[in-house]
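**Q** Let me see the structure of the following:
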Amino acid sequence: MIKKTSIYEQLTTLPYLSAYQQLIQGAIELEVFSELEEPITVKELSEKMNWDEGNTFHLLKGLYSLGYLKRNGDTFCNMPETQKYLVKGKPAYMGSVLAFFCNNQGMNLGNVAQQVKEGPKPQEQTQQSMDFAAYGEAMRRAQSGIRQYELLEILRSLPEYKSIHKILDLGCGAGCLGIAVIQDVGNRKGVLFDRPDMQQLIEETVKLSNMQDSVSVKTGDFLEDDIGSGYDLILCSSIMLFAITGGANFFAKLKKALNPGGVVVCLNEGIEPDYSGPWDMILGYMAFNLQGMPIGVIKGQVADAAKAGGFHSVENRSVLLSTGMHDINILRNE
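**A** Numbers count the residues shown, from 1 in each chain. Presented below is the predicted three-dimensional model:
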């Protein structure tokens, strides 16, 4: 954790952070960790993958120096955590999530000094042509692997989890998180809800998952439009930036949509009121803040609004996830 490192140690690390990110991203792109589940020599690996032997060695020694690999003479193989998180196809694979977020425009602060001197200059929104299939696949990858794994770990810890039969994934994005929850228990059904312009992407995800018989798609503005009813679980993952503007009325709407004994699970930033942390969430929204968009959910904001909306049972957790430190708010319709 960065804050557990001294200021001096942080500063001495700073010049090398770009090289660190580029090395790991390159290794993920090459899928090198998938080739290192068992010990292999540089020569064997380079010949198998048709890579340059010298630069293959430079890559592996860099990963070894960072603690990602074990080495025994000329052979290299993954460390246990590397095996868990960076071998493609493993349930907790993080490669796709890292690739998506490391290249996210929101991670680029731009010229900080200039913005501090001159004030916010919001970027103009431009209509750009986009390969919809490529865009959709990137979103699906960003919601797959580790993010599905982490969400299921959280939900399986709930005492009511096995009795959940109908779910709503509100603001579902590509829909992969909700689908993972529906697939986790037999005879479970669900609704994936997002903006109308997301409908084609969500329906494509449903078809790719072969879940047409268990999943329906609903679109609209979740603050203003009908979201359905009769749910045992409503999942609100990273939507509180927008939903919190609805205040108590939004949470009253969620409560009304739940069955008795139903539960709402909210995953959001949970920034400390004095901005002492979490450092990753504060930095993650800094680009937007500098452009005059004061976004970021403050710790306690969701719980307070939920109680005002009629939820009397509110459980709060703080959990380090693949996308940073998050608050988990569990709201029960008792």
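**Q** excluding its backbone neighbours, what's nearest L151?
**A** L177 (5.6 Å; CB to CB, 6 or more residues apart in numbering). In short, each C-beta sits where N, CA and C put it, glycine included.
**Q** ok, that neighbour - how many residues close by?
**A** L177: 23 surrounding residues under other CB atoms under 10 Å.
**Q** how about the strands of the stretch 201-334 of the chain, start to end?
**A** Here the stretch 201-334 of the chain has its strands, by DSSP state E, counting those that start in this stretch, at 215-219, 231-237, 258-268, 313-321, 324-332.
**Q** Ok, the stretch 51-200 of the chain next?
**A** So, for the stretch 51-200 of the chain - with DSSP E, counting those that start in this stretch - the strands run 69-72, 75-78, 166-170, 189-194.
**Q** Show me the shaky parts of the chain.
**A** Along the chain, segments meeting pLDDT under 70 span 1, 122-134.
**Q** Break it down into its domains, please.
**A** Per automatic domain parsing, the structural domains of the chain span 2-90, 161-332.
**Q** Now do the end-to-end distance for the longest one.
**A** For domain 161-332, the first and last residues are 12 Å from each other (CA to CA, to the nearest Å).
**Q** picking up where we left off before, include mean neighbour count and distance to G67 when you put the strands of the stretch 201-334 of the chain into CSV, please.
**A** Listed next are the strands of the stretch 201-334 of the chain as CSV, based on neighbours: other CB atoms under 10 Å; distance: least, CB to CB, whole Å:
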stretch, mean neighbour count, distance to G67
strand 215-219, 18, 41
strand 231-237, 24, 31
strand 258-268, 21, 29
strand 313-321, 14, 18
strand 324-332, 21, 21
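**Q** can you tell which of those is closest to G89?
**A** Nearest to G89 among the strands of the stretch 201-334 of the chain is strand 313-321; the distance by CB to CB comes to 20.4 Å.
**Q** Just checking: what are the partner strands of the closest one?
**A** strand 324-332 (antiparallel) (DSSP bridges).
**Q** what sits up against the partner strand?
**A** 154, 158, 251, 254-255, 261-270, 277-278, 280-281, 284, 297, 299, 302-303, 306, 311, 313-320 (CB atoms under 8 Å, 6 or more residues apart in numbering).
**Q** buried stuff in stretch 212-228?
**A** S214, V215, V217, K218, F222, I227 (16 or more other CB atoms under 10 Å).
**Q** Pull the number of nearby residues for the nearest residue to the fifth one once chain neighbours are set aside.
**A** Translated: F222. Once flanking residues are discounted, F222 sits nearest to L170: 5.6 Å by CB to CB, 6+ apart. By other CB under 10 Å, 25 other residues sit near L170.
**Q** again, but for N289
**A** Residues lying near N289 (other CB under 10 Å) number 16.
**Q** ok, so what distance separates it from M107?
**A** As judged by CB to CB, to the nearest Å, N289 and M107 stand 13 Å apart.
**Q** do S313 as well
**A** For S313 relative to M107 (CB to CB), the value is 36 Å.
**Q** Go ahead and name everything in contact with stretch 138-148.
**A** 85, 90-97, 99-101, 173-177, 180, 201, 205, 208, 321-323.
**Q** and the end-to-end length of that stretch?
**A** End residues of stretch 138-148 are separated by 15 Å (CA to CA).
**Q** Give me the distance between it and the centre of its chain.
**A** A distance of 7 Å separates the centroid of the chain from that of stretch 138-148, by CA atoms, centre = their mean, to the nearest Å.
**Q** for H165, phi and psi?
**A** phi -110, psi -30 (degrees, to the nearest 10).
**Q** before we move on, what about I40?
**A** Note on I40: backbone dihedrals following degrees, to the nearest 10 are phi -150, psi 150.
**Q** Repeat that for the one 10 residues further on.
**A** Note on N50: its backbone torsions stand at phi 60, psi 40 [degrees, to the nearest 10].
**Q** what does Y8 give?
**A** Torsion angles, degrees, to the nearest 10, at Y8: phi -60, psi -50.
**Q** Now the strands of the stretch 51-200 of the chain in TSV, please, with extra columns for distance to E37.
**A** Listed next are the strands of the stretch 51-200 of the chain as TSV, based on distance: least, CB to CB, whole Å:
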stretch	distance to E37
strand 69-72	11
strand 75-78	6
strand 166-170	33
strand 189-194	34
